[in-house]
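[1] sequence unavailable; structure follows:
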């Protein structure tokens, strides 16, 4: 049994793309135990994330995608902790819009496994919201960290650059809705849901072009 636990930190800032800027609240997920952790999406506030870590060794900063609101604090957090920043390479064009002079330290790939505090986190490449969007599936914790791919009530937005609605639907159908129904979906914004609550609505999303 994994000793890891899941902690949620909400940070606030802005999301900017295609010439627009919006105020947003982001979920920062910390997965680990009393000694070590990984951070999923270093959003907005490196100070708050460091405080939440409380001196634990940070093993990795995992980026579910490279929209600025999910990565803006990543370089600062990396500099302060020594942890590597990991991103799927298909999102490098987006990454460079925010951090043109600081590349990620490593790549994420579909099927890759990260381990922290005895818990396995499997990378699922789920393009659509962004080309390099990933989710992290932690079966030991009955958890999915979905970034902006899946929310309570529907898929992530696909109305801006680098996004594609049919692709996100395929990603959700093939990679996420096949997980056990009781898998808790820890989202990039807002409240959690479970896979079983979202699966029955797939056709509705398609019909509506959600």
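    That came through fine. The structure presented is a predicted model; accordingly, all values stated were derived computationally and were not measured.

[2] excluding its backbone neighbours, what's nearest residue 129?
    residue 156 (3.9 Å; CB to CB, 6 or more residues apart in numbering). Heads up, the C-betas are built off the backbone N, CA and C, glycines and all.

[3] do the same with residue 74
    Closest to residue 74 by CB to CB, 6+ apart is residue 42, at 4.2 Å.

[4] how about residue 83?
    residue 58 (3.9 Å).

[5] three-state assignment of the one you found?
    Classification of residue 58 by DSSP: H, G, I helix; E, B strand; the rest coil places it in strand.

[6] again with residue 103
    Residue 103 ends up coil, using three-state DSSP.

[7] so residue 26 sits against residue 14, correct?
    No: proximity of residue 26 to residue 14 does not meet the contact threshold set by CB atoms under 8 Å, at 10.3 Å.

[8] need the residues touching each of these two.
    Residues touching both residue 26 and residue 14 by CB atoms under 8 Å, 6 or more residues apart in numbering: residue 69.

[9] neighbour count for the two, which is higher?
    residue 26 (25 against 13; other CB atoms under 10 Å).

[10] surely that one is within a strand?
    Yes: going by three-state DSSP, the assignment for residue 26 places it inside a strand.

[11] quick check: closest non-adjacent residue to it.
    residue 43 (3.6 Å).

[12] just give me the neighbour total for that neighbour.
    31.

[13] again with the one 5 residues further on
    Using other CB under 10 Å, residue 48 has 16 other residues around it.

[14] from residue 70, how far out is it?
    15 Å (CB to CB, to the nearest Å).

[15] next one: residue 14
    Between residue 14 and residue 70 the distance is 12 Å, computed by CB to CB.

[16] ditto for residue 141
    On the measure of CB to CB, residue 141 and residue 70 end up 21 Å apart.

[17] mind listing what the residue nearest to residue 129 touches?
    Contacts of residue 156 (CB under 8 Å, 6+ apart): 128, 129, 133, 147, 148, 149, 150, 168, 188.

[18] between those, which sits nearest residue 53?
    residue 188 (19.3 Å; CB to CB).

[19] so residue 4 touches residue 143, yeah?
    No: taking contacts as CB under 8 Å, residue 4 lies outside contact range of residue 143: 9.5 Å.

[20] stretch 114-132: which residues count as buried?
    114, 116-117, 119-132 (16 or more other CB atoms under 10 Å).

[21] which positions within the lowest-mean-pLDDT helix or strand in the chain qualify as buried?
    Here the helix or strand of the chain ranked lowest by mean pLDDT, DSSP states H and E is helix 202-208, holding a mean of 90. For helix 202-208, a neighbour-count test (16+ other CB under 10 Å) marks 202, 205 as buried.

[22] ditto for stretch 142-149
    143, 144, 145, 146, 147, 148, 149.

[23] coming back round to it: who has more neighbours out of residue 141 and residue 70?
    Higher neighbour count among residue 141 and residue 70: residue 70, with 31 against 20, using other CB under 10 Å.

[24] burial count for residue 98?
    17.

[25] quick check: it touching residue 72?
    Yes: the criterion here is CB under 8 Å, and residue 98 meets it with residue 72 at 6.2 Å.
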